[in-house]
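In: the following block contains a protein sequence and its predicted model.
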2 protein chains.
Amino acid sequence: MRTTTESPAAHAAETPTQTAIAQSARELFLANGYAATSIRDVAAVAKVDPALVMRHFHSKDELFVRVIGFDEHFAPQLDDPVETIGRRLADYLIAPKHAELRRTLTVLVRATDHEAVRVDLEGTMRHLLVDKLKKRLSGPDAAVRAWLVSAQLLGLMQSWDMVGGDGASASERHRVAALYGAAIQSLITPPAE
Amino acid sequence: MRTTTESPAAHAAETPTQTAIAQSARELFLANGYAATSIRDVAAVAKVDPALVMRHFHSKDELFVRVIGFDEHFAPQLDDPVETIGRRLADYLIAPKHAELRRTLTVLVRATDHEAVRVDLEGTMRHLLVDKLKKRLSGPDAAVRAWLVSAQLLGLMQSWDMVGGDGASASERHRVAALYGAAIQSLITPPAE
DNA sequence: TATCATGTGTCAACGTTGTTGACCTGAGGT
DNA sequence: ACCTCAGGTCAACAACGTTGACACATGATA
């Protein structure tokens, strides 16, 4: 999973062909998910031979992981007022303008049946969220608490459609953000023990 | 997904053949996950023709959903002291003795790329957890809060291995249960607003 | 200039997958 | 005796991820 660029699609493919494949792949994976997207589909959209997809990216897993990435979205939410990190994370993830990040995470989470995807998601969550969050936590069990925050976020993405999802009204979003934000915050600044 | 019996495997197949298929399928799905289990594998373990698996269960999705079920595990944890439901849910899910439920939920969550599985998991969570929990909640947004609790639980299962997982020590388990239990509880009895 | 290596692209095929339809039973009902 | 029908078998289908052999161009090396 890539973490340096921020453009949603291009993603550091070098030749135009690689770029075309990567764009088509990301498009189809985001729209239809991992299982419902075949390499032949990707090749067709990119107007390229299926075998060429394999030559550039080495397997479907690898293509997926290279193309479905998310970047430094979490970092700003981990900034200074530690007391509001939970709320800010929830707000960010729930905001309508971040639908693509939400979709990316959803697609990623749903593809975790494949080990390469699982490993990648784990690594990305670690160095984009957990490691950074850990440093901001005081009190005992900082590492575990940071991991549990990431569990909460993945759970929210996993269940997003069940809760009302992208069709929810602004006030519903607001309440979800407030509630889930508080639940996250309870791991970040645990009430007196 | 079945919800009436509690034996881990047999699962209300009527003929011995159906039982054998169901048992083999559950065994393999739990061990290897959805994608890595083929119908031919299941048929081989059950010593049966692959086409027969299709005749009895109608597709791989349906077989999976019928065989990877979990039952009334949550109900007792939703009992009376509302103030401790969060902790009890976390304790229950984390307990070593409930490794099979944990594995079931993990496998299920990881297979949600397939719509039939997603729909089934959603339905099961609703009528095993969300609907029952909702009734015990006072205050506003009971429905949303109940869904968010289920999101937290699924998130925990999704991330279980990242947190340390089944290899964690008793004291680590205890701390995870206390921390995540409190986070859940903050949705069940939200602190003064 | 001739040669060789390398990266890009093509094509046909492999083995496996989920799924289907035609067929064959054997038991029960009329 | 006949029909029905569920249980079970077999061979095949189309689609999938993946591979290997081949063709072509470019640029470096000799």
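Out: Structure received.
In: helices of chain A, residue ranges please.
Out: With DSSP state H as the criterion, chain A has helices at A:16-32, A:39-45, A:50-56, A:60-67, A:85-94, A:99-110, A:115-125, A:131-136, A:142-163, A:170-188.
In: nearest to chain B, out of those helices?
Out: Set against chain B and scored by C-beta to the nearest C-beta, the helices of chain A come closest in helix A:142-163, at 2.0 Å. Every C-beta, even on glycine, is put in place using the N, C-alpha and C of the backbone.
In: nearest spatial neighbour of the residue nearest the centre of chain A, skipping sequence neighbours?
Out: Residue closest to the mean C-alpha point of chain A, counted by C-alpha atoms, centre = their mean, is residue A:105 at 3.2 Å. Spatially, and ignoring its direct neighbours in sequence, residue A:105 is nearest to residue A:157 (4.3 Å; C-beta to C-beta, 6 or more residues apart in numbering or on different chains).
In: spell out which residues of chain A are next to DNA strand C.
Out: Contacts of chain A with DNA strand C, taken as C-beta under 7 Å from any atom of the strand, map to A:14-15, A:17-18, A:48-52, A:55-56.
In: now for those residues: which two are most distant?
Out: A:14 and A:50 (20.1 Å; C-beta to C-beta).
In: what about those two, which has more around it?
Out: Between residue A:14 and residue A:50, counted using other C-beta atoms under 10 Å in any protein chain shown, the more crowded position is residue A:50 (14 against 8).
In: burial measure for the spatially closest residue to that one that is not a sequence neighbour, as a count.
Out: Take residue A:50 and drop its neighbours on the chain: the residue closest to it by C-beta to C-beta, 6+ apart is residue A:43, 4.1 Å away. Per other C-beta under 10 Å, the neighbour tally for residue A:43 reads 19.
In: likewise for the one 4 residues further on?
Out: Number of residues near residue A:47 (other C-beta under 10 Å) recorded here: 10.
In: tell me the contacts of it?
Out: Applying C-beta atoms under 8 Å, 6 or more residues apart in numbering or on different chains, we find residue A:47 in contact with residue A:20.
In: quickly note the distance from it to residue A:24.
Out: Distance, residue A:47 to residue A:24, by C-beta to C-beta, to the nearest Å: 9 Å.
In: and residue A:70, by the same measure?
Out: For residue A:70, the distance to residue A:24 (C-beta to C-beta) stands at 19 Å.
In: go on, residue A:86?
Out: Distance of residue A:86 to residue A:24, given as C-beta to C-beta: 37 Å.
In: so the residue nearest to the centre of chain A sits against residue A:159, correct?
Out: No: Residue A:105 lies out of contact with residue A:159 (C-beta atoms under 8 Å); the separation is 11.8 Å.
In: next, count neighbours for the closest residue to DNA strand C within chain A.
Out: In chain A, the residue that lies nearest DNA strand C is residue A:51 (2.9 Å; C-beta to the nearest atom of the strand). Neighbours of residue A:51 under the rule other C-beta under 10 Å: 9.
In: do residue A:83 as well
Out: 10.
In: excluding chain neighbours, what is closest to it?
Out: residue A:189 (6.0 Å).
In: same thing with residue A:45?
Out: Closest residue in space to residue A:45, ignoring its immediate chain neighbours: residue A:24 at 3.9 Å, by C-beta to C-beta, 6+ apart.
In: wait, what's in contact with the one you found?
Out: When contacts are counted by C-beta under 8 Å, 6+ apart, residue A:24 touches A:42, A:45-46.
In: tabulate those residues (CSV), appending pLDDT and neighbour count.
Out: CSV is the format used below for the contacts of residue A:24 (pLDDT from 0 to 100; neighbours: other C-beta atoms under 10 Å in any protein chain shown):
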residue, pLDDT, neighbour count
A:42, 98, 26
A:45, 97, 16
A:46, 97, 22
